[in-house]
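Asks: Let's see this in three dimensions:
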Amino acid sequence: MALKVITPPAVEPITLEEVKQHLRIVDNDDDIILFSMIRQAREFCEDFQNRKYITQTLELVLDDFPKYNYILFESSSPVQSVENIKYYDTNGKEFIFNKSNYIVDTDSFVNRIVLGYCKLWPTITLQTVNAVRIRFTSGFGAEAESVPETVKWAMILHMKLLYDDYRPDERTKIEEARNSLLSMNRVIPV
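Replies: Model prediction:
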């Protein structure tokens with residue numbers, strides 16, 4: 001299973017100005033580094049929570065269809081929509097799984113695709129790897145305001161760890177605070 005970014009987020013959950021205010025930076029000397037740190041902080045927090053924050057287009061790649069009637073988005077909720085489900089036979093021929101065959105569950109804590117009533121996954125012989133590709137849009141929304149405040153604070157704490165030097169005991173407290181904030185809505189794959 002792989003998760004590919006097709007279209008990355010257009011904005012970050014926190015702005016350069018917010019970061020400078022929290023880190024007490026007044027000049028522009030470190031702006032390039034700070035932009036990079038904002039992205040790194042978002043990626044760290046997304047990976048920790050197994051979520052996506054700002055609207056982005058992703059592709060979930062599977063070797064085959066599951067044996068059960070659903071596909072979980074374990075590392076990319078909240079899902080906004082599913083564009084398509086493509087699958088490939090042993091000759092590499094592409095097929096599209098009709099949208100009438102499934103329901104996109106965007107209400108569950110971990111979003112999923114569920115087969116419709118009396119529907120089955122395709123039964124053709126699939127290519128041996130990367131046979132199923134699900135293109136979808138994920139994230140809380142296109143604007144930074146849609147991201148939960150707990151996530152923004154966790155990102156700020158993470159950036160403090162990256163930017164400043166702390167004694168080991170101070171560093172541990174900041175890490176614990178960041179992790180506590182992120183644990184509130186963390187998706188833990190089973």
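Asks: Phe48 is in contact with Ile188, correct?
Replies: No: Ile188 lies out of contact with Phe48 (Cβ atoms under 8 Å); the separation is 10.5 Å. In short, each C-beta sits where N, CA and C put it, glycine included.
Asks: Please say which of the two ends up with more neighbours.
Replies: The neighbour comparison of Ile188 against Phe48 (other Cβ atoms under 10 Å) goes to Phe48, with 18 against 9.
Asks: burial measure for Leu181, as a count.
Replies: For Leu181, the neighbour count with other Cβ under 10 Å is 23.
Asks: if you skip the residues just before and after it, what's nearest to it?
Replies: Ala154 (4.1 Å; Cβ to Cβ, 6 or more residues apart in numbering).
Asks: Which phi and psi values does that neighbour adopt?
Replies: Dihedral pair for Ala154: phi -60, psi -40, per degrees, to the nearest 10.
Asks: Also Ser76?
Replies: According to degrees, to the nearest 10, Ser76 has phi -150, psi 20.
Asks: how far away is it from Gln49?
Replies: Between Ser76 and Gln49 the distance is 11 Å, computed by Cβ to Cβ, to the nearest Å.
Asks: domain ranges for the protein?
Replies: Following automatic domain parsing, one finds the domains of the chain at 14-51+143-183, 56-138.
Asks: who wins for proximity to Val5 among these?
Replies: Smallest distance to Val5 across those (Cβ to Cβ): 6.0 Å, for domain 56-138.
Asks: Run through the helices of this protein in chain order.
Replies: Taking DSSP state H, the helices of the chain run over residues 16-23, 31-49, 149-163, 168-183.
Asks: Distance to Arg112 and mean pLDDT for those helices - can I get that in CSV?
Replies: Below are the helices of the chain laid out as CSV (distance: least, Cβ to Cβ, whole Å; pLDDT from 0 to 100):
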stretch, distance to Arg112, mean pLDDT
helix 16-23, 34, 92
helix 31-49, 17, 95
helix 149-163, 22, 95
helix 168-183, 22, 95
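Asks: Could you check those helices and tell me which one is nearest Ile96?
Replies: Short answer: helix 31-49, nearest of the helices of the chain by Cβ to Cβ, at 28.7 Å.
Asks: buried sites along that closest one?
Replies: For helix 31-49, burial by neighbour count (16 or more other Cβ atoms under 10 Å) applies to 34, 37-38, 41-42, 44-46, 48-49.
Asks: Just name the closest of those residues to Ala142, please.
Replies: Arg42 (14.6 Å).
Asks: Please list all residues in contact with the closest one.
Replies: Contact partners of Arg42, counting by Cβ atoms under 8 Å, 6 or more residues apart in numbering, are 9, 12-13, 53-54, 155.
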